[in-house]
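[1] kindly generate the corresponding structure for this input.
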Amino acid sequence: MPTTTTTPTVEKKGRSDARPLGGSIISVKGRPGVYGQAYRDGKRRQALLINADELADLKSKKKNVQKVAEARLAAFVVGVANAPTEEPAADAGPTVGKLVTDYLRVLETRTVERHARTVKAQLERFRDAKGIGADTPAADIARSTVESYVAALSRENGAAYVVKAKDADGEEVRETKHKPMSPATVRRHVAALSGLFNFARDRGVVTDNPVRGVKLARPQEFAVRLLTADEIANVLRHARPQVRDALTFLSETGCRYSEMSDLQWPAVDAGFARVTIARSKSGRVRHVTLTAAARRVIEGLHDTHTRPIEGPNYVFARLSHPRFFKLFKRAVAKAGLPASTRIHDLRHSLASRMVMRGVPVSVVAEAIGDTLQVAMRYAKHTPADAVAAAFRAMESASAPTTKTKKPKVKQAS
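    The predicted structure follows:
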């Protein structure tokens, strides 16, 4: 059947002007029957005009197939012309997946690599969570969404453990379960989410941060392990040479492990008086003044340093994270300290000693690169004996002074 083209003039409903619309009869390869197509707004629409069975029937009755097809094409073109105009879909804004990607790209330039990796894992967990998904518009995330996610985290999303049992046939089966996530860990996940949606709010993606106002369980407070100067010296005495210099530097500066391990020689002052932390956890550039002990460490490393031909010029020997911590734990054990002692306790101990020596908390916060709110915790963790000594000093200062009577001495007559 030859392909024909017709251009009927169709008056669209609701409009006073007549607009010619083109239509044509076509055949589609591999599909029996007669098809028609019409154009509107630069888009082509197709429709089956006569199916294969009807076509055979028309031909058997010697009907004019061409005339039947043209009549149906004209009706199809009219229908296309009078169909409601398709409004372009409103832009729903960036999806959760794109928002996470954009935020992580910016975060990587503002904080240390290890912290960025942690936040990345936390946000990808949120992105892929049931009921959220990467394709969900970020503007659709409400506080109730965050609350449901937090409740799911708190139930069974902590550390995995294996439960052994026996089935009906007596065979041993193993089932992996998860402990409830601790309130402290949940708070860290929520803090990452808050940063994500603050980023979205600043860019006009959302009008308000949906994390704001979400109530969280208060984490249990544990006694912070503050190391005395003698205990730190004992740990350093038992530490292997590969980590002794690094541990001394950490205990004398209060730097984070990541700040120490990423430190490079261009960031060291020419006179070894201070070092510059270009990318701290808080994202701010920080200058760390070196004590005499820390300066001796840097000077000693400088004397034996060989500049690499290419690549980063690190100050401290590069050890893997697990290897460094293993050697630290070994030194802690030999020093007779509790196994719960952490590298971060060196930082806490330095900050607490500064507070006990009368250094203002605001200065302590600036020195160790923490917020004032975090630095206030170090004031809370002042040892009990120091607090007791302060009370005794206060009592002695406020006690009333009493005159002591001198005993009368009888004179010999």
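[2] buried stuff in the helix or strand where Ala47 lies?
    Under the criterion of DSSP states H and E, Ala47 resides in strand 43-50. Buried residues in strand 43-50, counting neighbours by 16 or more other C-beta atoms under 10 Å, are found at Ala47, Leu48, Leu49, Ile50. Any C-beta I mention is one placed from the backbone N, CA and C, and that applies to glycine too.
[3] closest one of these to Val275?
    Ala47 (74.8 Å; C-beta to C-beta).
[4] bridging residues for the closest one?
    Taking DSSP bridges, one finds Gly36 as the beta-bridge partners of Ala47.
[5] now do the contacts for it.
    Ala47 makes contact with Tyr35, Gly36, Gln37, Ala38, Phe76 under the criterion C-beta atoms under 8 Å, 6 or more residues apart in numbering.
[6] which of these sit farthest apart?
    The widest separation within those, taken as C-beta to C-beta, falls between Tyr35 and Ala38 and amounts to 11.1 Å.
[7] comparing the two, which residue is more hemmed in?
    A count of neighbours by other C-beta atoms under 10 Å puts Ala38 above the other of Tyr35 and Ala38, at 23 against 19.
[8] torsion angles phi and psi at that one?
    Dihedral pair for Ala38: phi -140, psi 150, per degrees, to the nearest 10.
[9] could I get the pLDDT score of it?
    pLDDT recorded at Ala38 is 83.
[10] what does Pro183 give?
    So, for Pro183, pLDDT stands at 86.
[11] hang on, isn't it packed against His189?
    No. Checked against C-beta atoms under 8 Å, the pair Pro183 and His189 is beyond contact range at 10.8 Å.
[12] the more surrounded of those two?
    Between Pro183 and His189, His189 has the larger neighbour count (other C-beta under 10 Å), namely 22 against 13.
[13] distance of that one relative to Thr109?
    Counting by C-beta to C-beta, to the nearest Å, the gap from His189 to Thr109 is 22 Å.
[14] how about Ala47?
    Where Thr109 is concerned, Ala47 sits at a distance of 54 Å (C-beta to C-beta).
[15] ok, now Val364?
    Counting by C-beta to C-beta, the separation of Val364 from Thr109 is 28 Å.
[16] over to Thr289?
    26 Å.
[17] these two: who's more crowded?
    Set Thr289 next to Thr109 and count neighbours by other C-beta under 10 Å: Thr289 wins out with 12 against 9.
[18] gap between the spatially most central residue of the chain and Ala191?
    Among the residues of the chain, Val119 comes closest to the average C-alpha position under C-alpha atoms, centre = their mean, at 2.3 Å. Computed as C-beta to C-beta, the Val119 to Ala191 distance reads 9 Å.
[19] coming back round to it: for the buried residues of strand 43-50, give me TSV that also has pLDDT and distance to Val285.
    TSV is the format used below for the buried residues of strand 43-50 (pLDDT from 0 to 100; distance: C-beta to C-beta, whole Å):
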residue	pLDDT	distance to Val285
Ala47	79	67
Leu48	78	69
Leu49	83	73
Ile50	84	76
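[20] between the contacts of Ala47, which is closest to Arg240?
    Gln37 (79.7 Å).
[21] the residue nearest to that closest one when sequence neighbours are not counted and Val65, how far apart?
    Spatial nearest neighbour of Gln37, chain neighbours left out: Gln46 (4.8 Å); criterion: C-beta to C-beta, 6 or more residues apart in numbering. Distance, Gln46 to Val65, by C-beta to C-beta: 18 Å.
[22] now Phe76
    From Phe76 to Val65 the distance is 16 Å (C-beta to C-beta).
[23] can you check Gln122 too?
    Distance of Gln122 to Val65, computed by C-beta to C-beta: 67 Å.
[24] of these two, which one has the most company?
    The neighbour count for Gln122 versus Val65, taken as other C-beta under 10 Å, is higher for Gln122 (20 against 17).
[25] need the pLDDT of that one.
    Per-residue pLDDT puts Gln122 at 92.
[26] hmm, it is touching Arg187, no?
    No. If you go by C-beta under 8 Å, Gln122 and Arg187 don't touch, sitting 11.2 Å apart.
[27] name the nearest residue to Leu73, ignoring sequence neighbours.
    Gly36 (4.2 Å).
[28] apologies, that question was intended for Tyr39.
    Nearest to Tyr39 is Gly22, by C-beta to C-beta, 6+ apart, at 5.3 Å.
[29] distance of that neighbour from Lys67?
    Between Gly22 and Lys67 the distance is 19 Å, computed by C-beta to C-beta.
[30] who's more crowded, the two?
    Neighbour count, other C-beta under 10 Å: between Gly22 and Lys67, Gly22 has more, with 14 against 9.
[31] so what's the residue nearest to the centre of the chain up against?
    Per C-beta under 8 Å, 6+ apart, neighbours of Val119: Leu104, Leu107, Thr111, Ala192, Gly195.
[32] how about Lys329?
    Ala339.
[33] can you tell me the helix or strand for it?
    Element membership for Lys329, per DSSP H and E: helix 321-334.
[34] okay, the angle between the helix or strand just after that helix and helix 321-334?
    Per DSSP H and E, the first helix or strand lying C-terminal to helix 321-334 is helix 344-356. Calculated by axes from the mean of the first three to the mean of the last three C-alpha atoms, to 10 degrees, helix 344-356 forms an angle of 60 degrees with helix 321-334.
[35] quick one: low-confidence parts of the stretch 101-250 of the chain?
    For the stretch 101-250 of the chain, applying pLDDT under 70 flags the ranges 156-162, 176-178, 219-224.
[36] again, only this time at 80
    111-112, 114, 155-180, 218-225 (pLDDT under 80).
[37] hey, where'd the helices end up in it?
    113-127, 143-156, 183-202, 229-238, 241-253 (DSSP state H, counting those that start in this stretch).
[38] got those as JSON lines, with distance to Val359 columns?
    Below are these laid out as JSON lines (distance: least, C-beta to C-beta, whole Å):
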{"stretch": "helix 113-127", "distance to Val359": "26"}
{"stretch": "helix 143-156", "distance to Val359": "38"}
{"stretch": "helix 183-202", "distance to Val359": "28"}
{"stretch": "helix 229-238", "distance to Val359": "16"}
{"stretch": "helix 241-253", "distance to Val359": "15"}
